[in-house]
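Colleague: coords please:
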Amino acid sequence: MAVEVTGRQQLEQSLRGQLVWPESADYDLARAVYNGAIDRRPALIVRPLDAADVAAAVEFARAERLAVSVRGGGHSVAGHAVADDALMIDLRLMRDVRVDAPRRRADAGGGATWNDLDPPCQRHGLATPGGTFGTTGIGGLTLGGGIGHLIGRHGLTLDNLVEAEVVTADGRVVVASDEQNAELFWGLRGGGGNFGVVTRFTYDLHEVGALEGGLLVYDVRQAGEVLRRFRDAVDGTPDELTLFLVIGGNRATGEMVVVVSVCWSGSSEDARARLERLRSAPGLLTDGVRTTSYLRLQGVYGESPCGLRQYWKGHFVSGMPDELIDLLVEHFTQRRSPGGGLLIEPLHGRATRVADDATAFAHRGAKFNMTGMSTWASTADDAEEITWVRTFADGIEPYSARGGGYVNYMAGDEPLERVEAAFGAERFARLRQLKRQFDPENLFRLNQNIPPAD
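Modeller: Modelled structure (predicted):
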């Protein structure tokens, strides 16, 4: 959809930030996202400097009847950040971070990544729970959940959000917190980007000093035994010990391996015994667990290169019985391509003790988040790679806690029924009422969409 030149010029004059359109020299670079399978051409790209710029973009889109996509600082694996003929709001110029160490609070712009937020917090020995890749955007992660190394001690990322500045669909700039717009604040914590553009996040911070962390790497031929020991190690684990498991390709060798990441921020004998049982599992190739900093632990997986093709799908599951472990081993250890694999993230500790109705996040009672991730380079492999992930997700569906997955990891082709299942009928109905209040025309529909109530 072409936008009249005069209208474009009027929008550009109203902005302090930048405007990019199809004839701009940097248009192709600006529209590219992390997932190389996404190739879309927006009508305009706004790069705002502040909430006023975002409000101007939203008002223009509404007047011109353009759909609005929002790009935070990070990955957008599902590709919702960019759409054909839409107005794309690219927040990546809004990455400023301010740390108030005495109050243990941090403010961050909506386009910040964890690479922007973690270092200034760690200069004061502080942190808030974040993602496990530094290039992940704080916005998408926070609005959908936020499972990371500090989940046991300090909960999900959204459990540490204390305030958000939001541009709503009518162009207003509002603050959402427990004291202001409390229902909107409830919905932002788990409901994704359905209710507006969050231009500023304010987080609680916690003391996070030296800890024991790193990777345990195993021969994939011992995957079954490692998975069983991992399952037992995370069952009732103390808050101080968080473990994630990956079956995937070793980037150095291309060979499939099993990897367990360790974050141990205490000294209990219970946690020590669980860790030692993992260390004694057969097939251990590398023990990289040692005293480290939280910032170094945040980079322990390295970084996934931008531009590769991606497809993710999975479920929160209520347990990991032996027959499910057998299914995982069969599906993932026989994989021919080293790209992608299986990610298992346990939910435990503080994240499970927050009241179920306190936020829109719907999976506190699940035991594990299991996600199949495929990463590949050639368009010729699209059908095979996507089918491989879908087959995995179909296989574990009988073990699903709700029948829906983690909104942060859901693919762009998920049907409405699966989005509803991710929340459950009652929570989804409440979210639809909230959507009706703040976005009755569904301007913000380029996401895992929650349509407004009738």
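Colleague: burial measure for Thr242, as a count.
Modeller: Applying other CB atoms under 10 Å, we find 26 residues neighbouring Thr242. In short, each C-beta sits where N, CA and C put it, glycine included.
Colleague: helix or strand for it, which one?
Modeller: strand 241-249 (DSSP states H and E).
Colleague: Which neighbouring elements make contact with the helix or strand following that strand?
Modeller: Where DSSP H and E defines the elements, the next helix or strand beyond strand 241-249 is strand 256-264. Counting contacts by 3 or more CB pairs under 8 Å, 6 or more residues apart in numbering; DSSP states H and E, strand 256-264 packs against strand 211-219, helix 223-234, strand 241-249, helix 269-279.
Colleague: Spell out for me which residue occupies the centre of this structure.
Modeller: By CA atoms, centre = their mean, the chain has its centre lying nearest to Leu141, at 3.6 Å.
Colleague: So for it, what's the nearest residue that isn't a sequence neighbour?
Modeller: Gly131 (5.0 Å; CB to CB, 6 or more residues apart in numbering).
Colleague: Can you verify that neighbour is assigned to a helix?
Modeller: No. Using DSSP: H, G, I helix; E, B strand; the rest coil, the secondary structure at Gly131 is coil, not a helix.
Colleague: how close does it get to Asn115?
Modeller: Using CB to CB, to the nearest Å, we find Gly131 at a distance of 10 Å from Asn115.
Colleague: Tabulate the helices and strands packed on strand 256-264 (a markdown table), appending mean pLDDT and distance to Glu385.
Modeller: Output for the helices and strands packed on strand 256-264, formatted as a markdown table (pLDDT from 0 to 100; distance: least, CB to CB, whole Å):
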| stretch | mean pLDDT | distance to Glu385 |
| --- | --- | --- |
| strand 211-219 | 97 | 24 |
| helix 223-234 | 98 | 21 |
| strand 241-249 | 95 | 13 |
| helix 269-279 | 97 | 31 |
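Colleague: out of those, deepest packed?
Modeller: Comparing the helices and strands packed on strand 256-264 by mean neighbour count (mean count of other CB atoms under 10 Å), strand 241-249 comes out on top with a mean of 23.
Colleague: elements contacting that strand?
Modeller: When contacts are defined as 3+ CB pairs under 8 Å, 6+ apart, strand 241-249 packs onto helix 151-154, helix 223-234, strand 256-264, helix 269-279, helix 322-333, strand 341-346.
Colleague: Parallel or antiparallel, list what pairs with it.
Modeller: Partners of strand 241-249 in the sheet, by DSSP bridges, are strand 256-264 (antiparallel), strand 341-346 (antiparallel).
Colleague: Which one of the helices and strands packed on strand 241-249 lies nearest to Ser374?
Modeller: Judged by CB to CB, the one of those that comes nearest to Ser374 is strand 341-346, at 8.4 Å.
Colleague: Next SSE downstream of that closest one?
Modeller: Per DSSP H and E, the first helix or strand lying C-terminal to strand 341-346 is helix 350-353.
Colleague: re the thing from before, with distance to Ala52 as added columns, please give the helices and strands packed on strand 256-264 in CSV.
Modeller: CSV is the format used below for the helices and strands packed on strand 256-264 (distance: least, CB to CB, whole Å):
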stretch, distance to Ala52
strand 211-219, 41
helix 223-234, 46
strand 241-249, 40
helix 269-279, 49
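Colleague: could the helices and strands packed on strand 241-249 go into TSV alongside distance to Gln9?
Modeller: Formatted as TSV, the helices and strands packed on strand 241-249 follow (distance: least, CB to CB, whole Å):
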stretch	distance to Gln9
helix 151-154	48
helix 223-234	57
strand 256-264	51
helix 269-279	61
helix 322-333	53
strand 341-346	46
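Colleague: On the three-state scheme, the residue nearest to the centre of the chain is what?
Modeller: Three-state call for Leu141 (three-state DSSP): helix.
Colleague: Verify the stated contact: it with Gly130.
Modeller: Yes. Proximity of Leu141 to Gly130 meets the contact threshold set by CB atoms under 8 Å, at 7.0 Å.
Colleague: Now list whatever residues contact both of these two.
Modeller: Residues touching both Leu141 and Gly130 (CB atoms under 8 Å, 6 or more residues apart in numbering): Trp114, Thr157.
Colleague: Am I right that Lys313 is in a helix?
Modeller: No. Read with three-state DSSP, Lys313 is strand and lies in no helix.
Colleague: these two touch, right, it and Thr391?
Modeller: No. Between Lys313 and Thr391 there is no contact under CB under 8 Å: 9.7 Å.
Colleague: got the angle between the strand holding Thr242 and helix 322-333?
Modeller: Counting by axes from the mean of the first three to the mean of the last three CA atoms, to 10 degrees, strand 241-249 lies at 40 degrees to helix 322-333.
Colleague: on that earlier part again, and the strands paired with strand 241-249 as JSON lines, adding mean pLDDT and mean neighbour count?
Modeller: Formatted as JSON lines, the strands paired with strand 241-249 follow (pLDDT from 0 to 100; neighbours: other CB atoms under 10 Å):
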{"stretch": "strand 256-264", "mean pLDDT": "96", "mean neighbour count": "24"}
{"stretch": "strand 341-346", "mean pLDDT": "96", "mean neighbour count": "24"}
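Colleague: just so I know, which of the ones you listed lies nearest Arg274?
Modeller: Here strand 256-264 is closest among the strands paired with strand 241-249 (CB to CB), at 9.3 Å.
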